[in-house]
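[1] the amino acid sequence is not available; the structure is as follows:
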């Protein structure tokens, strides 16, 4: 096993990889409950969405670890689940069958584009400054979400959209303690900093009566709820489905590429041009897993940014991803325990990871406005619209236009103008 995962060459060991996989699992375990709750809003049962969420994460992460040998986890994108539930289903009026049929079609398209190296060529053509913006923007987004989830920052009103939360609230205090403990332990070079902080904060929460132990620690899920007939692909071959197809395809392309590049940067896997060598493997895996997700009852799957927590815990090999996938199997049965963990136990990890990802800002070419401002716009729109896809799409539009209008069109390429066109179409057809 050590030889297969190149543990010696990567200067790691089984114990470290096991710890990294466990850290990733604890940081990401909330998705087991949250994603099904969101998808229940489009007319499928919680059990169906739950099993689909867990199954795709298990399969995708295992494949990523064994074949791509990357230390990340694959999971359903919460942002896309929110889009299909709140907008595609409730606002645009599409059925769950049409939604999953569209996801199936778009995932299959990306799979084919990946096989013929078209998808990887487009991603590699993205300028370095924009890739740095992906990482910083996604990092700021993660940190912002962590502050909101723990009520350290709360929504206020139109005049002042955000305000400081009630810092006398015990849960807010525990969330701040969680962040501080992670930073202190990481500064002291403790590899298990995130894991120790999650467990310590959870124990404190239980001791203070904020976490109630479940009535049962193990529950047998209803496996009969798992269906492979959720996607009604025939229903989308009409003109009315075109807006949904365009939106889902662009979101899928942007979200998977942005997350993969952002996570890989944190794991020091990118080359000097900020490209990911052998990018084809993880792209084949995320598109294949998304096909499985559409068939079983969940949305686009891809590298999950939260899994960078495992990298920060010392994970360097695909064994981290394999350990995570095996722990996700236990999550099928131990989800009553996972469900009681409140955000103040794990959101600190998201805040710290996001903060570290923002360090890419120092590499932006500040003196070149045609590179700097598209990157800053991407970061701003990712955070302030609370939508990763929108932020990146804005950047794809502004970058080539700014080059063109400043007489530097020769610095662009065909792929960048393709992304420009796709991003324009996103804004034309998207109601949000």
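    Done, it's in. Because the structure is a prediction, the values reported are computed rather than measured. Numbering: from 1, shown residues only.
[2] got any ranges where the stretch 201-350 of the chain has weak pLDDT?
    In the prediction, the stretch 201-350 of the chain carries no residues with pLDDT under 70.
[3] quick one: the strands in it?
    For the stretch 201-350 of the chain, applying DSSP state E, counting those that start in this stretch gives strands covering 301-303.
[4] now do the stretch 1-150 of the chain
    74-76.
[5] ok, the closest residue to residue 351 other than its chain neighbours - contacts?
    Nearest non-adjacent residue to residue 351, counting by C-beta to C-beta, 6 or more residues apart in numbering: residue 146, 3.8 Å away. C-betas here are computed from N, CA, C, even on glycine. Applying C-beta atoms under 8 Å, 6 or more residues apart in numbering to residue 146 gives the contacts 343, 347, 348, 350, 351, 354.
[6] what about 10 Å?
    Contacts for residue 146 were tallied using C-beta atoms under 10 Å, 6 or more residues apart in numbering; they are 152-153, 175, 178-179, 343-344, 346-355.
[7] go on, residue 401?
    Residue 401 makes contacts with 370, 374, 409, 412, 420, as judged by C-beta under 10 Å, 6+ apart.
[8] among the residues you listed, which lie within helices?
    Judged by DSSP state H, those include 370, 374, 420 as members of helices.
[9] using CSV, lay out the residues you listed together with distance to residue 239 and neighbour count.
    Output for those, formatted as CSV (distance: C-beta to C-beta, whole Å; neighbours: other C-beta atoms under 10 Å):
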residue, distance to residue 239, neighbour count
370, 38, 21
374, 34, 23
420, 25, 19
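[10] between the residues you listed, which is nearest residue 258?
    Distance to residue 258, by C-beta to C-beta, is smallest for residue 374 among the ones in helices among the contacts of residue 401, at 14.3 Å.
[11] test my guess that that closest one contacts residue 400.
    Yes - between residue 374 and residue 400 there is a contact under C-beta atoms under 10 Å: 9.0 Å.
[12] shared neighbours of these two, anything?
    Common contact partners of residue 374 and residue 400 (C-beta under 10 Å, 6+ apart): residue 127.
[13] just the helices in the stretch 251-400 of the chain please.
    In the stretch 251-400 of the chain, the helices defined using DSSP state H, counting those that start in this stretch lie at 280-296, 308-312, 318-339, 343-357, 369-384, 388-405.
[14] what does the stretch 101-250 of the chain give?
    118-124, 128-149, 170-187, 193-207, 242-266.
[15] is it possible to get a markdown table of those helices that adds distance to residue 318?
    Formatted as a markdown table, the helices of the stretch 101-250 of the chain follow (distance: least, C-beta to C-beta, whole Å):
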| stretch | distance to residue 318 |
| --- | --- |
| helix 118-124 | 19 |
| helix 128-149 | 21 |
| helix 170-187 | 24 |
| helix 193-207 | 20 |
| helix 242-266 | 13 |
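[16] ok, which of those helices comes nearest residue 75?
    helix 242-266 (10.2 Å).
[17] mind listing what's buried in the closest one?
    By neighbour count with 16 or more other C-beta atoms under 10 Å, helix 242-266 contains the buried residues 243-266.
[18] before we move on, the earlier item: which one among the contacts of residue 401 gets closest to residue 395?
    residue 374 (5.0 Å).
[19] so who does the closest one touch?
    Counted by C-beta under 10 Å, 6+ apart, residue 374 has contacts 127, 129-130, 133, 394-403.
[20] pull the contacting residues for residue 127.
    133, 273-274, 365, 370-371, 374-375, 395, 399-400, 403, 411-413, 416.
[21] with residue 121 instead?
    Residue 121 neighbours (C-beta under 10 Å, 6+ apart): 113, 279, 413, 414, 415.
[22] tell me the spacing between the closest residue to the second one other than its chain neighbours and residue 422.
    In other words, residue 279. In space, and not counting its chain neighbours, residue 279 is closest to residue 120: 4.9 Å by C-beta to C-beta, 6+ apart. In this view, residue 120 and residue 422 are 16 Å apart by C-beta to C-beta, to the nearest Å.
[23] compare those two (neighbour count), which wins?
    More crowded of residue 120 and residue 422, by other C-beta atoms under 10 Å: residue 120, with 21 against 18.
[24] how near is the more buried one to residue 284?
    10 Å.
[25] shared neighbours of these two, anything?
    Residues touching both residue 120 and residue 284 (C-beta under 10 Å, 6+ apart) are residue 114.
[26] quick one, what contacts the most centrally placed residue in the chain?
    Nearest to the geometric centre of the chain sits residue 304, at 3.6 Å (C-alpha atoms, centre = their mean). Counting by C-beta under 10 Å, 6+ apart, residue 304 makes contact with 24, 27-28, 31, 57, 60-61, 72-78, 259, 263, 324.
[27] mind running it again at 6 Å?
    Residue 304 sits next to 73, 75 when contact means C-beta atoms under 6 Å, 6 or more residues apart in numbering.
[28] next: residue 393.
    Counting by C-beta under 6 Å, 6+ apart, residue 393 touches 423, 426.
[29] pLDDT score for residue 188?
    On the pLDDT scale, residue 188 is placed at 90.
[30] how close does it get to residue 182?
    Distance of residue 188 to residue 182, computed by C-beta to C-beta: 11 Å.
[31] swap in residue 8?
    Separation of residue 8 from residue 182 (C-beta to C-beta): 29 Å.
[32] give me the more crowded residue out of those two.
    Between residue 8 and residue 182, residue 182 has the larger neighbour count (other C-beta under 10 Å), namely 26 against 10.
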